[in-house]
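Peer 1: pasted the sequence and its predicted model underneath.
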Amino acid sequence: MTDWLEKVYTAGNDTAKLAEVYDAWADEYDDSVGAAGYTNPAVVSALFARLMPDIEAPVLDAGCGTGLIGWMLALVGYRDIAGIDLSPGMLRRAEARGCYRSLATATLGEPLALPDAGFAGVVASGVFTVGHAPASAFGEIARVLRPGGIFVVSITDPVYESGGFRAAIDGLVGEGAWERAATSGSYFPLPAADDDHRHPGRVYAMRRL
């Protein structure tokens, strides 16, 4: 798994290269992250379910990958889940789970071909991190959320400040776009990874105003 992580982290802002890496990794991804004890999807799903009990609510899985969060949400009854990801290979794996009403290629950090206020919830696991989606994407996330909607996102501690994520969250709070709703305790998203890739993180939840 370490080799794959190095490839995705060094792709930088080259989204085409990042998509190629994930396309190549797609068939092995679940086994790779599972062996490292990947906990993000479970924590994100749990916090989302706590804050959004309406299982009929339309949910966007932003950067859905192979569909781990969609699968977990579907297991507990959520029925209206859409997914977007920059990797066609990952989307094919997500489609095979049979839990998404729609799937589409999209790049977080660019304008999304999605309607204003189209979703009651947005979830993002392992997406806003080194070499991945930028903090600037939060504006589009806020746009597609309806008033009262919930955004739940995992962010590792090393990039929370340096990646501009805290500033982006606080900026949208200051603009009156959303409010902080909850924050998880600290945990390791990849507890069985090597020391270079074993970083603590938290899950943050915002409510659209």
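Peer 2: Thanks, I have it. Numbers count the residues shown, from 1 in each chain.

Peer 1: how many neighbours does residue 186 have?
Peer 2: 9 (other Cβ atoms under 10 Å). To be clear about C-beta, it is placed using only N, CA and C from the backbone, and glycine gets the same treatment.

Peer 1: just to check, it is in contact with residue 204?
Peer 2: No. Counting by Cβ atoms under 8 Å, residue 186 sits too far from residue 204 to count as a contact (12.0 Å).

Peer 1: so what sits against both of those two?
Peer 2: Both residue 186 and residue 204 lack any common contact, where contact means Cβ atoms under 8 Å, 6 or more residues apart in numbering.

Peer 1: show the low-confidence segments of the chain, by residue range.
Peer 2: 1-2, 4-9, 11-12 (pLDDT under 70).

Peer 1: quick check, central residue of it?
Peer 2: The structure's the chain has its C-alpha centroid closest to residue 124; by Cα atoms, centre = their mean the separation is 1.7 Å.

Peer 1: how far away is that residue from residue 28?
Peer 2: As judged by Cβ to Cβ, to the nearest Å, residue 124 and residue 28 stand 22 Å apart.

Peer 1: and for residue 20?
Peer 2: According to Cβ to Cβ, residue 20 and residue 28 sit 15 Å apart.

Peer 1: now stretch 201-209: buried residues?
Peer 2: 201, 202, 203, 204, 205, 206, 207, 208 (16 or more other Cβ atoms under 10 Å).

Peer 1: ok, residue 20 and residue 28, which is more surrounded?
Peer 2: Between residue 20 and residue 28, counting by other Cβ under 10 Å, residue 20 is the more crowded of the two (15 against 11).

Peer 1: now that one: which helix or strand?
Peer 2: helix 15-35 (DSSP states H and E).

Peer 1: packing partners of that helix?
Peer 2: Counting contacts by 3 or more Cβ pairs under 8 Å, 6 or more residues apart in numbering; DSSP states H and E, helix 15-35 is packed against helix 2-9, helix 88-96.

Peer 1: contacts only, for residue 185.
Peer 2: Shown in contact with residue 185 (Cβ under 8 Å, 6+ apart): residue 202.

Peer 1: quick one: the closest residue in space to residue 168 that isn't next to it in sequence from residue 63, how far?
Peer 2: Spatially, and ignoring its direct neighbours in sequence, residue 168 is nearest to residue 135 (3.8 Å; Cβ to Cβ, 6 or more residues apart in numbering). Distance of residue 135 to residue 63, given as Cβ to Cβ: 14 Å.

Peer 1: the two: which is more packed in?
Peer 2: Neighbour count, other Cβ under 10 Å: between residue 135 and residue 63, residue 63 has more, with 26 against 19.

Peer 1: re the thing from before, and which of the buried residues of stretch 201-209 is nearest residue 51?
Peer 2: Nearest to residue 51 out of these is residue 205 (Cβ to Cβ; 5.7 Å).

Peer 1: give me the three-state assignment for the closest one.
Peer 2: strand (DSSP: H, G, I helix; E, B strand; the rest coil).

Peer 1: residue 117 looks like it's in a strand, true?
Peer 2: No. Looking at residue 117 with three-state DSSP, it is coil, so not inside a strand.

Peer 1: count of neighbours near it?
Peer 2: Neighbour count of residue 117, defined by other Cβ under 10 Å: 14.

Peer 1: against residue 177, how distant is it?
Peer 2: Distance from residue 117 to residue 177, by Cβ to Cβ: 12 Å.
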